[in-house]
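Asker: Sequence and predicted structure below; questions after.
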Amino acid sequence: MMSVKAISLDIGKALQINALFMLLSLGVSVACGFDSGFTPLLISFLITSIAGSFPLIFVRESHQQVTPQEGFITIVMAWLLSFIFGMLPYVLWGGEFTLMNAWFESVSGYTTTGSTILSDVEALPKSLLMWRSSTHYIGGLGVVVFLLLILPDTSTFKFKLSHLELSSIAKEGYRYKSGKTVRIITLTYIGLTIAEFFCLWAAGMTPFDAINHSFSTIATGGFSTKNTSILFYDSTAINIIIMVFMALASMHFGVIFASLATRSFKPLKHPITRYYFLVILILSLLATLSLSIQGGLRFPEALMSGSFQVISFISTTGFGQADNAMWPVMANAILLFAGFHCGCAGSTTGGIKADRMYISLKAIAGDFRKRLSQSAIIRVRVGETCVEEDTVASIFLFIVLYIMVLFLSFVAVLFCGVDIAEAFSGTLASLGNVGPGLGTLGTMGNYASQPEVAKFIYTMDMFLGRLEIFPVLVVMSLIFKKRA
């Protein structure tokens, strides 16, 4: 029998985490002389904290182990309720935030997609800008991963949840217990945020802008405090700092922690890490050549813009250092591939992920060699570890399912009357949690002009992409099974 008590307790804890960040944004409002975001945030904080407190007050802590089904339900419900409570400050503030726009902004924030419906970001009070970035920060590591820190170490639920943010593939070579893994990831997450904050501040950003952009970068989200994103600062130093931290945030956090703990670059020699940076290098060079030869940019400018946007897309951060709506088709095609490929498992990125791409390519190459020599026994290996056939099969299953969701969403958006290039890029960017697409959805654009139904489809793609599809499908199958 399903434990409603256990599910409600864990969801209550998730809402309390949201309330805590609302309180932080309230502090910003007070520091800014009680700006226009104070009342919306205060009301939202009270509603969210009360709703989150009810289960903690009236439901007794259960020591019964949580089943995988209950775990999946908790995950999905924690995210959905975070979306709903997270949109309250936007709805109460008004402005461009219609009900659908507030939902879109909330889902985009928590899923670290970074798409926006705002045509004038700078019109928002600082407290709401802080709340937007906070939704990134909560969602970056995952409402669920924050939950892991406060669940009992012996909980099988914790073990199940940890596999959503840390695939078994990514954990190869970093053999930590589940609880220790979560703490390592969280320490790395916070450490990178602090480091980037001081770097950006030293490079000329105000402390407010520095903390907001650090939240967005390490969460690989992309919400900026400026209408023209990173282009606003026109600073080579800021561009390089953000590029470095986007690349770091898209790596497996266990690799970063292991490198710092051992004071060695040896963990960085992991085959998947090397493959990932090789892909970044190749795509950056191709984008640079396209911008230089086809776009007519000087080589230094083409190198900076091409490299920045490739890292921005492949890390699923989505910051803009240039307007890709003005770019050649080839350069934009490279960005779309980067947004399909994406970063490493064990990071805050979305998309297919480098781990799956690397193993699938190795499996295809192995199958090709097997066909040339049918007597050969060829196993897929990552470093010194053999990947089990079931794992390879599940990777191909995920990729096929990902492409199916992408295609169906693309067709659905087309039916809404959206231009084919914008429909495809918007769907790809939403499912991969990248953010910007092509045309009016580009790095200097927004999703304000998209039809309401299309916006809703994009948010469903963001949700599916952030939870990697399967947990949502499991919950849906449980619902339909009960109705049958």
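Answerer: All right, it came through fine.
Asker: wait, what's in contact with the residue nearest to Ser8 when sequence neighbours are not counted?
Answerer: Beyond its immediate neighbours in the sequence, the residue positioned closest to Ser8 (Cβ to Cβ, 6 or more residues apart in numbering) is Pro55, lying 4.1 Å away. Backbone N, C-alpha and C define where each C-beta goes, glycine included. For Pro55, the contact set (Cβ atoms under 8 Å, 6 or more residues apart in numbering) comprises 8-9, 11-12.
Asker: hang on, Pro55 in a helix?
Answerer: Yes. Per DSSP: H, G, I helix; E, B strand; the rest coil, Pro55 lies within a helix segment.
Asker: could you pull out the strands for this protein?
Answerer: Secondary structure of the chain (DSSP state E): strands at 381-382, 385-386.
Asker: Direction included, what does the last one pair up with?
Answerer: Looking at strand 385-386 with DSSP bridges, its paired strands and their directions are strand 381-382 (antiparallel).
Asker: nearest residue to Ala247 other than its sequence neighbours?
Answerer: Ile311 (5.6 Å).
Asker: what sits against the one you found?
Answerer: Applying Cβ under 8 Å, 6+ apart, we find Ile311 in contact with 243, 246-247, 250, 280, 284, 317.
Asker: so where's this protein shaky on pLDDT?
Answerer: 1-3, 60-68, 143-181, 374-376, 482-484 (pLDDT under 70).
Asker: Show me the two of the contacts of Pro55 that sit farthest apart.
Answerer: Greatest spatial distance in these: Leu9 and Ile11, 7.4 Å, computed using Cβ to Cβ.
Asker: For the two, indicate the residue with more neighbours.
Answerer: Neighbour count, other Cβ atoms under 10 Å: between Leu9 and Ile11, Ile11 has more, with 24 against 18.
Asker: From Gly139, how far off is the more buried one?
Answerer: Counting by Cβ to Cβ, to the nearest Å, the gap from Ile11 to Gly139 is 16 Å.
Asker: which residues of the stretch 51-200 of the chain fall in helices?
Answerer: Ranges of helices within the stretch 51-200 of the chain are 68-86, 88-93, 99-110, 126-141, 143-150, 156-165, 178-202, based on DSSP state H, counting those that start in this stretch.
Asker: For the residue nearest in space to the middle of the chain, give me phi and psi.
Answerer: Closest to where the C-alpha atoms of the chain average out (Cα atoms, centre = their mean) is Thr112, at 3.9 Å. Main-chain dihedrals, Thr112, degrees, to the nearest 10: phi 60, psi 30.
Asker: ok, for it, nearest residue in space, not its chain neighbours?
Answerer: Nearest to Thr112 is Gly221, by Cβ to Cβ, 6+ apart, at 4.1 Å.
Asker: ok, the one you found - contacts?
Answerer: With Cβ under 8 Å, 6+ apart, Gly221 has these contacts: 109, 112-114, 133, 136, 139-140, 215, 317-318, 435.
Asker: got it, and Phe470?
Answerer: Contact analysis of Phe470 by Cβ under 8 Å, 6+ apart lists Phe398.
Asker: Look up how far Leu414 lies from it.
Answerer: In terms of Cβ to Cβ, Phe470 sits 26 Å off from Leu414.
Asker: just Leu41 next, same as before
Answerer: Applying Cβ to Cβ, the value for Leu41 to Leu414 is 38 Å.
Asker: Of those two, give the one with the bigger neighbour count.
Answerer: Between Leu41 and Leu414, Leu41 has the larger neighbour count (other Cβ under 10 Å), namely 28 against 16.
Asker: my guess is that one contacts Ser29, does it?
Answerer: Yes. With contact defined as Cβ atoms under 8 Å, Leu41 reaches Ser29; the gap is 6.1 Å.
Asker: Quick check: neighbours shared by those two?
Answerer: Ser127.
Asker: just the contacts of Ile311 now: which is nearest Ser259?
Answerer: Using Cβ to Cβ, the contacts of Ile311 come closest to Ser259 at Ala247, 13.5 Å.
Asker: Assess the claim that the closest one and Thr317 are in contact.
Answerer: No. Counting by Cβ under 8 Å, Thr317 is not a contact partner of Ala247; they are 9.8 Å apart.
Asker: So those two - more neighbours on which side?
Answerer: Higher neighbour count among Ala247 and Thr317: Thr317, with 34 against 17, using other Cβ under 10 Å.
Asker: these two touch, right, the more buried one and Phe215?
Answerer: No. The pair Thr317 / Phe215 is not scored as a contact, 11.4 Å apart, by Cβ under 8 Å.
Asker: which residues are in contact with stretch 194-206?
Answerer: For stretch 194-206, the surrounding residues in contact (Cβ under 8 Å, 6+ apart) are 207, 209-211, 213-214, 217-218, 233, 235, 237-238, 241-242, 245.
Asker: Report the two of those residues separated the most.
Answerer: Using Cβ to Cβ, the contacts of stretch 194-206 span at most 19.3 Å, a distance reached by Ile218 and Ser235.
Asker: Let me see the contact set for Thr349.
Answerer: If you count contacts by Cβ under 8 Å, 6+ apart, Thr349 has them with 220, 249-250, 315-316, 342-343, 433.
Asker: I'd like those laid out as TSV, including distance to Glu384 and neighbour count.
Answerer: Converted to TSV, the contacts of Thr349 look like this (distance: Cβ to Cβ, whole Å; neighbours: other Cβ atoms under 10 Å):
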residue	distance to Glu384	neighbour count
Thr220	30	32
Ala249	27	28
Ser250	24	24
Ser315	28	32
Thr316	30	34
Cys342	26	27
Gly343	23	30
Asn433	32	31
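Asker: ok, so of those residues, who is nearest Met357?
Answerer: Using Cβ to Cβ, these come closest to Met357 at Cys342, 8.5 Å.
Asker: In contact with that closest one: list those residues for me.
Answerer: Contacts of Cys342 by Cβ under 8 Å, 6+ apart are 250, 314-316, 349-354, 432, 434.
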